[in-house]
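> no letters, just coordinates:
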């Protein structure tokens, strides 16, 4: 009878193993489309045999562990690639938006208005004393300066929006860092093999989301803990998480991202950022460069023009004054036609001699000569060429970010495919597994049923 009872016990272990297998398979099927899910497997092993009357009798099977199909090296590299791809995509999107401010096909921007300004001065040569032609010169100059003002203001507004986006997003990043630390703790405590695996999936998906935003990297310990780094600084270590904040750099005016380092101390990690934050930071710096180039362009155009205008004489035979005004350090956003000239077009100094000669256009010729003078970028470019160089730089930056993004997208697609091959759920395979576990369950149940019948027969023989 003891052998029959032992057989029932063996059959019951088969039921438990098959039940675990069915549970794991159903868990895989239910999460086949869950983002970041890693396939589970029931790893079975033989129970230790029992020595009885000199013979070793098998004691059935057991589930050794419920494994999670994941490759730490792949997951580590994927986090890095996600951050790189997100950074290039964000930079391409943001700088691409800046490029529209310089699209002369959409609006009549500075380049178009600069040509119109010089064209109006050429038309003034027909009759330098004609008030309507003088008014045209002043009007086209005003439109030119306004186009520069609008472009500079748009760039500055974009920089403000970049900082706003970073400030609006930082709390969400901090929340995810805190959740990663909490899940690290749950994994360390355990909660069952399936539960720990589910926690690991949730945590790793959060790490990928954080990498997409700030370009973090990750190190996984053999115990399953994840340490999240920004540059060389740990943002999450075990169950502890640090917080990020966004401020403004007092020197450059750029958005600065800080990582807490104690009760009041912070570490500037802006240069270590990747992800969308890194792309936004790249875009802010690029925009600042375009604005600086515009300021330089205005200074190198307006100063020689003012000097030549002062060397001539206006319609009243008086020496000319400044034609353009601007604030040093904010040239593009403040340039304007001098208020006196704008109010009285006779003050435009077209004459070379102070004789009040209505046909004197000597200084006008010298002002027109400035259009072809190499007075920009160290005496290497004309004004129109200098402006075109700014446009080309923006276009090149957009192309560079686009190219980098396409390359990173390819790398990310490869990493996703590799991870899917390791951790993804194949429904055909799970269907086959389910049938195998079902057969094992039915067979184990049959063993128990048969053994029960034998016990009933044995008991009947004893009565």
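Happy to help now that I have it. Being a predicted model, the structure only gives us computed values, none of them experimental. Residues are numbered from 1 along each chain as shown.

> which residues sit against stretch 328-341?
With contact meaning Cβ atoms under 8 Å, 6 or more residues apart in numbering, stretch 328-341 is reached by 138, 141-142, 145, 148-149, 151-153, 156, 291, 294-299, 302, 321-327, 342, 347-348. All C-beta spots, glycine's among them, are computed from the backbone N, C-alpha and C.

> what does stretch 167-186 give?
Contacts for stretch 167-186 (Cβ under 8 Å, 6+ apart): 195-196, 199-200, 202-203, 206-207, 209-210, 213-214, 225-226, 228, 235-236, 238-246, 255, 257, 276-277.

> quick check on those residues: which are buried?
196, 199-200, 202-203, 206-207, 209-210, 213-214, 225-226, 228, 235-236, 239, 241-244, 246, 255, 257, 276-277 (16 or more other Cβ atoms under 10 Å).

> helices along the chain, start to end?
Along the chain, counting by DSSP state H, helices occupy 2-30, 72-99, 110-124, 131-189, 193-214, 275-311, 331-334, 339-343, 362-369, 383-423, 427-462.

> could you export the ones you listed as JSON lines, including mean pLDDT and distance to residue 36?
Below are the helices of the chain laid out as JSON lines (pLDDT from 0 to 100; distance: least, Cβ to Cβ, whole Å):
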{"stretch": "helix 2-30", "mean pLDDT": "81", "distance to residue 36": "14"}
{"stretch": "helix 72-99", "mean pLDDT": "92", "distance to residue 36": "10"}
{"stretch": "helix 110-124", "mean pLDDT": "95", "distance to residue 36": "48"}
{"stretch": "helix 131-189", "mean pLDDT": "95", "distance to residue 36": "12"}
{"stretch": "helix 193-214", "mean pLDDT": "87", "distance to residue 36": "3"}
{"stretch": "helix 275-311", "mean pLDDT": "96", "distance to residue 36": "17"}
{"stretch": "helix 331-334", "mean pLDDT": "97", "distance to residue 36": "46"}
{"stretch": "helix 339-343", "mean pLDDT": "97", "distance to residue 36": "63"}
{"stretch": "helix 362-369", "mean pLDDT": "96", "distance to residue 36": "66"}
{"stretch": "helix 383-423", "mean pLDDT": "92", "distance to residue 36": "9"}
{"stretch": "helix 427-462", "mean pLDDT": "82", "distance to residue 36": "18"}
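
> I'd like to know which of those helices is closest to residue 262.
helix 131-189 (16.4 Å; Cβ to Cβ).

> quick check: angle from that closest one to helix 72-99?
160 degrees (axes from the mean of the first three to the mean of the last three Cα atoms, to 10 degrees).

> tell me the angle of helix 131-189 relative to helix 193-214?
160 degrees.

> tell me what angle helix 131-189 forms with helix 383-423.
Going by the same axes, to 10 degrees, helix 131-189 makes 20 degrees with helix 383-423.

> what is the orientation angle of helix 131-189 with helix 362-369?
30 degrees.

> list the buried ones in stretch 400-414?
In stretch 400-414, counting by 16+ other Cβ under 10 Å, buried: 401, 402, 404, 405, 408, 411, 412.

> closest to residue 52 among those?
Nearest member of the buried residues of stretch 400-414 to residue 52, counting by Cβ to Cβ, is residue 412, at 59.4 Å.

> so that closest one touches residue 80, yeah?
No - applying Cβ atoms under 8 Å as the test, residue 412 and residue 80 come out as separate, 10.3 Å apart.

> are any of the contacts of stretch 328-341 buried, and which?
By 16+ other Cβ under 10 Å, the contacts of stretch 328-341 give 138, 141-142, 145, 148-149, 151-152, 156, 291, 294-299, 302, 322-326, 342, 347-348 as buried.

> next, format the helices of the chain as CSV and append distance to residue 220.
Shown next, in CSV, are the helices of the chain (distance: least, Cβ to Cβ, whole Å):
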stretch, distance to residue 220
helix 2-30, 22
helix 72-99, 4
helix 110-124, 53
helix 131-189, 11
helix 193-214, 9
helix 275-311, 19
helix 331-334, 50
helix 339-343, 67
helix 362-369, 69
helix 383-423, 14
helix 427-462, 26
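
> mind checking which of the ones you listed is nearest residue 38?
helix 383-423 (4.0 Å).

> could you check the angle helix 110-124 makes with the closest one?
170 degrees.

> how far does helix 383-423 sit from the chain's center?
The chain centroid and the centroid of helix 383-423 are separated by 12 Å, computed with Cα atoms, centre = their mean, to the nearest Å.

> packing partners for it?
helix 72-99, helix 110-124, helix 275-311 (3 or more Cβ pairs under 8 Å, 6 or more residues apart in numbering; DSSP states H and E).

> need these in a markdown table (columns: distance to residue 365).
Converted to a markdown table, the helices and strands packed on helix 383-423 look like this (distance: least, Cβ to Cβ, whole Å):
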| stretch | distance to residue 365 |
| --- | --- |
| helix 72-99 | 37 |
| helix 110-124 | 9 |
| helix 275-311 | 10 |
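
> quick one, which of these is nearest to residue 361?
Nearest to residue 361, of the helices and strands packed on helix 383-423 and by Cβ to Cβ, is helix 110-124 at 7.5 Å.

> taking helix 275-311 as reference, get the angle to that closest one.
10 degrees.

> any buried residues in helix 110-124, and which?
110, 111, 113, 114, 116, 117, 118, 120, 121, 124.

> make CSV out of those and add distance to residue 33.
Output for these, formatted as CSV (distance: Cβ to Cβ, whole Å):
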residue, distance to residue 33
110, 52
111, 52
113, 55
114, 57
116, 59
117, 61
118, 63
120, 65
121, 68
124, 71
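
> just name the closest of those to residue 264, please.
Scanning these for proximity to residue 264, where the rule is Cβ to Cβ, the winner is residue 110, at 46.3 Å.

> correct me, but that closest one touches residue 150?
No - counting by Cβ under 8 Å, residue 110 does not reach residue 150; the two are 9.0 Å apart.

> re earlier: I'd like to know which of the helices of the chain is closest to residue 61.
With Cβ to Cβ as the yardstick, what comes closest out of these is helix 2-30 (4.8 Å).

> from the chain's centre, how far out does that closest one sit?
49 Å.

> list the buried residues of that helix.
Neighbour count says helix 2-30 has 6-8, 10-11, 13-25, 27-28 buried, by 16+ other Cβ under 10 Å.

> middle-most residue in the protein, spatially?
By Cα atoms, centre = their mean, the mean C-alpha position of the chain lies nearest to residue 276, the distance being 1.7 Å.

> if I look at the closest residue to it other than its chain neighbours, how far off is residue 317?
Excluding its sequence neighbours, the residue lying closest to residue 276 (Cβ to Cβ, 6 or more residues apart in numbering) is residue 90, at 4.3 Å. Taking Cβ to Cβ, to the nearest Å as the measure, residue 90 falls 59 Å from residue 317.

> same drill for these two, tell me which one is more crowded.
More neighbours surround residue 90 than the other of residue 90 and residue 317, with 26 against 13 (other Cβ atoms under 10 Å).
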